[in-house]
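J.: Sequence first, then the predicted structure:
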Amino acid sequence: MTVWGIAREEFRQMRRGKLPKLAILLFLPLFFTLVFGTAYRNQFVRHIPLTVFDQDQSKVSRTLVQGYADSEKFTIVSHADTQEKMDAELESGRALAALAIPAGFSKDIKRGDGGKTVLIVNSANNTIGNAAITEAWKINRTLTIGGAQRIVERLGQMPDEAMNAVYPVHLAVRLLNNPLAGFSSFMLSGLGLQGVQIALLIAAAPALSEEYRRRWYDGNVPAARVLAGKMIPYWLSSVASYFVYLAAAVFLFGTPAKCGLPELFLLGGIFSFSVIGVLFFFSALCPKPILAMQLPMLYVMPGTLFSGLSWPLFSMNLPASLYAAVMPIRYAADNLRDLLLAGYAPSLAADCRALLVCGSIGFLAAWAVFSRRRKRLLQAEGRASHASLYCA
Amino acid sequence: MRPYIAREWRRCCADPRRFAFLFGAALVYLVLFAVLFAPNIITEVPCVIYDEDQSALSRKLAQKFEDNERFGIIAYAATQEETLALLREKEALAAIVIPKGFAKSIQTGSYTTLLCVANGANLMPIGAATGDGENIAAEFSDEIALRREELRTGRNEAALGNRVVPVRHELRVLNNPTQGYRYFYLLGLLVAALQQGIFFATGAAVCSESTSQEETRPTVRLFLAKAVFYWLLSMAAFSMLLLCIVYALDIPLKAHTGEMFLAGGAFVFATVSLGLAFASFFSDEETFARASIMYPLLGFIVSGYTYPLMAMPPALQNAARLLPQTWFANIFRELFLAGHSPQAGEGMAAMAAVGVFCLLVGCARFSAKGRGSEMGHAS
């Protein structure tokens, strides 16, 4: 049987069953992209519920409160009139942040004693905590500078001079590649790639262990040919699936695609090759198809967090870096995001080489284990049939 | 019921994978993610400084960035091209550009603008770095403003401090004061791992009945016995996980242990019921495993554990509320970090409702399978 014959047979097998492997491979990453793209549709956290405890009730305090009311990041859900009520709002979860302005706030500023406000943020969820702190910092800074300018103006300076006097150093922040700091651009491409990996885990991981059980190909077909034949349909389907989910991310959810198709194909093709290689190794090791799906979960599932997609690679300690180093997604997720958002990926060539090495080692190891096991199984089968013939 | 539970124990011992799923999955995740998030916060974000001014003042500002642990200054660029090249090659993720005439503008009473250029592709390190960068720049600006006013008015710093910075804003961060990622991520990931372990174990328990050589017929009683048995076993796994979190990871449980066990019990009940009911729709374990592997990532993201539920569209929020993980992952984190969870009551009721519904569906489906096989035998 030729490689193409095996590939055709494997492709036929992929279309069979209640939950066909081919459907999973083609549609799971797309489904993930649709769900996660919808989840991240608003791009960032808005309307953080805020309670205001304004003991001062002055023009200045109302200006500050108005700053929070005008910000789309906050929604004022209540005005507490005692500290107990403010604490209760936070404890009940109705508010996730509280702004407390003490009595005499405006008088203290006018007297030159300095006013003080307190912002309390529930940061059990860091995404909310970070968004609230960052936005509050900007609102507070604006009020502080405005207040300082007025004070200095009263001391006899012109408005512009007063502004320069109290705010001599400005900071302009320019975000490259993701100017809106949107979650969709940040996460969607990488989560889709994890979807491809999970789809391959479900579809390709049992491929060799199924062969131990069903033995579709006899001993005359070399193990390497079986591996190559089985690999082809999974590789083709996963690359197709990769482009389908990328198209959805780009056309439905506005993820930029600044690079060309050849680079995307290079990365997707080598990534799929590498993941299949590693999964085939697991498959060759496992005597049962179900185990071949379950065992690599410990390796595939943490991939999103070990990939450097969110928790950066430079913050990983040595054991974490070593574990990440044997994961194909570590070499692909960040590069894919760079290709899409920046139009280039500085470590694309080096990481593609790493993926090739990773995949090749996976295939070689899979071939070594598979050919040995298969031989042993065929020998045992041969002995059994010989014995039964002898008995007969 | 007891003979059925004893039978379940024997079957579990004969298939030790089920113990491995229940007790092992969360433990492996605990080790992996404890190692990953050991640094807790992001420091040493690679940064380049392009100081066009090369004055004493600009060097002082650069020193402030050097002294901040959030930034790891990897180079001082000599040209704009070099700065951009370092950003382009991702050797640096942020660049601080101090413009020419920086010191002169300040000395002549004008203002100057620093530029922070950052690669926003990965928001996690860049969010932290730009926040700290803004703080450094603001403090530096206030220092200079104070000194200038001192020179202009002849008053001392103490008298002028509140004029230059008339409002001080204090920040109190509740529940995760350092905003560490260990507390933020780890607890929810362990819940996800426990859930997957329960799914695999219950899936094996239900699907193995169709290939079983034993005489026992799938009945409602057998299904309920499975639910009780796996609830007890999962609660043991949950207890072990709690002990590991408290004693091995050193994350204190601020809530009352009873409250945690009540919420955990509701979650385990909902998950066991969901796993058993879902598995009853599959004739073999392999197909069930295929279907259930698709769930963990999906469940984790839509649970609102990282990107909050309130920022998602309402339809997705409502769909997510049908999943036990959505309730429990957040309750679990709040009970650990805050000592209470405002949504605990509602969450437990929702999980109990999901559990009862799944149990009913599972019973109906499982016993129907039994009747089907009986009719098959009879014919």
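T.: Right, received. Where do you want to start? Everything numeric here is computed off the predicted structure, so don't read it as measured data.
J.: and the residue of the stretch 251-379 of chain B found nearest chain A, how many neighbours does it have?
T.: Using CB to the nearest CB, B:Pro342 is the residue of the stretch 251-379 of chain B that sits closest to chain A, at 3.2 Å. Quick note: C-beta positions are derived from backbone N, CA and C, even for glycine. By other CB atoms under 10 Å in any protein chain shown, the residues close to B:Pro342 number 17.
J.: What of the one 10 residues further on?
T.: Around B:Ala352 sit 17 other residues, with neighbours defined as other CB under 10 Å.
J.: Would you confirm that it contacts B:Ser273?
T.: No: look at B:Ala352 against B:Ser273 with CB atoms under 8 Å: they stay out of range, at 9.7 Å.
J.: what is in contact with the two at once?
T.: By CB atoms under 8 Å, 6 or more residues apart in numbering or on different chains, B:Ala352 and B:Ser273 have no common neighbours.
J.: Break the chain down into its domains, please.
T.: In the absence of a named chain, this looks at chain A. The record's domain parsing of chain A by automatic domain parsing lists A:3-40+A:182-391, A:48-166.
J.: you looked at the wrong chain, it should be chain B
T.: Using automatic domain parsing, chain B is parsed into the domains B:2-37+B:180-378, B:45-164.
J.: Show me what the mean pLDDT comes to for the first one.
T.: Translated: domain B:2-37+B:180-378. Model confidence over domain B:2-37+B:180-378, given as mean pLDDT, is 90.
J.: How about the shortest one?
T.: Confidence over domain B:45-164, taken as the mean pLDDT, stands at 90.
J.: can you give me the end-to-end distance of that domain?
T.: 31 Å (CA to CA, to the nearest Å).
J.: what's the distance between the helix or strand that contains B:Ile144 and the middle of its chain?
T.: Here B:Ile144 sits within helix B:123-153, counting by DSSP states H and E. Helix B:123-153 has its C-alpha centroid displaced from the chain centroid by 32 Å (CA atoms, centre = their mean, to the nearest Å).
J.: Can you give me the buried ones in it?
T.: B:123-138, B:140-146, B:148-149 (16 or more other CB atoms under 10 Å in any protein chain shown).
J.: cool, stretch B:112-120 as well?
T.: Neighbour count says stretch B:112-120 has B:112, B:114-120 buried, by 16+ other CB under 10 Å.
J.: With only the CA atoms kept, save it in CSV.
T.: Extracted in CSV, the C-alpha atoms of stretch B:112-120 (Å, rounded to 0.1, in the frame of the first residue of the first chain):
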residue,chain,number,x,y,z
THR,B,112,8.5,69.0,27.7
THR,B,113,6.9,65.8,26.6
LEU,B,114,8.5,62.4,27.1
LEU,B,115,7.5,59.6,24.8
CYS,B,116,6.8,56.0,25.8
VAL,B,117,6.6,53.7,22.8
ALA,B,118,5.4,50.2,23.7
ASN,B,119,4.6,47.1,21.8
GLY,B,120,1.0,46.6,22.8
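J.: can you list contacts of that stretch?
T.: Contacts of stretch B:112-120 (CB under 8 Å, 6+ apart): A:168-179, A:181, A:342, B:61, B:83, B:87, B:90, B:93-99, B:101-102, B:105-106, B:126, B:129-130, B:133, B:137.
J.: hang on, A:Ala100 in a strand?
T.: Yes: counting by DSSP: H, G, I helix; E, B strand; the rest coil, A:Ala100 is located in a strand.
J.: Verify the stated contact: it with A:Leu90.
T.: No: using CB under 8 Å, A:Ala100 makes no contact with A:Leu90, being 10.8 Å away.
J.: the bottom helix or strand of chain A by mean pLDDT?
T.: Here the helix or strand of chain A ranked lowest by mean pLDDT, DSSP states H and E is helix A:159-166, holding a mean of 81.
J.: what sits up against that one?
T.: Under CB under 8 Å, 6+ apart, the answer for helix A:159-166 is A:145, A:148-153, A:157, B:109-111, B:145, B:148-149, B:152, B:164.
J.: Next step: these restricted to helices.
T.: A:145, A:148-153, B:145, B:148-149, B:152, B:164 (DSSP state H).
J.: what does the stretch 201-350 of chain B have sitting close to chain A?
T.: Taking CB under 8 Å from any CB of the partner chain, the part of the stretch 201-350 of chain B that reaches chain A is made up of B:282-283, B:285-287, B:289-291, B:293-294, B:296-298, B:301-302, B:305-308, B:310-313, B:316, B:330, B:333-334, B:337-338, B:340-343.
J.: between A:Ala100 and A:Leu90, which one's more packed in?
T.: A:Leu90 (23 against 20).
J.: pretty sure the more buried one is in contact with B:Leu174, am I right?
T.: Yes: here A:Leu90 reaches B:Leu174: they are 7.1 Å apart, a contact under CB under 8 Å.
J.: For the two, list the residues in contact with both.
T.: A:120, A:122.
J.: the strands in the chain, which residues?
T.: By default, I'm working from chain A. With DSSP state E as the criterion, chain A has strands at A:48-54, A:74-79, A:97-101, A:115-122, A:169-176.
J.: my bad, chain B
T.: Counting by DSSP E, the strands of chain B are B:45-51, B:71-77, B:94-98, B:112-119, B:167-174.
J.: tally of neighbours for A:Leu28?
T.: 26.
J.: need the contact list for the spatially closest residue to it that is not a sequence neighbour.
T.: Leaving aside its chain neighbours, A:Leu28 sits nearest to A:Ala199 (4.1 Å; criterion: CB to CB, 6 or more residues apart in numbering or on different chains). Residues in contact with A:Ala199 (CB under 8 Å, 6+ apart) are A:24-25, A:28-29, A:238, A:241.
J.: Which one of the residues you listed is nearest to B:Ile49?
T.: B:Ile49 lies nearest to A:Pro29 out of the contacts of A:Ala199, by CB to CB, at 40.9 Å.
J.: From what I see, that closest one and A:Tyr245 are in contact.
T.: Yes: between A:Pro29 and A:Tyr245 there is a contact at 3.9 Å, judged by CB under 8 Å.
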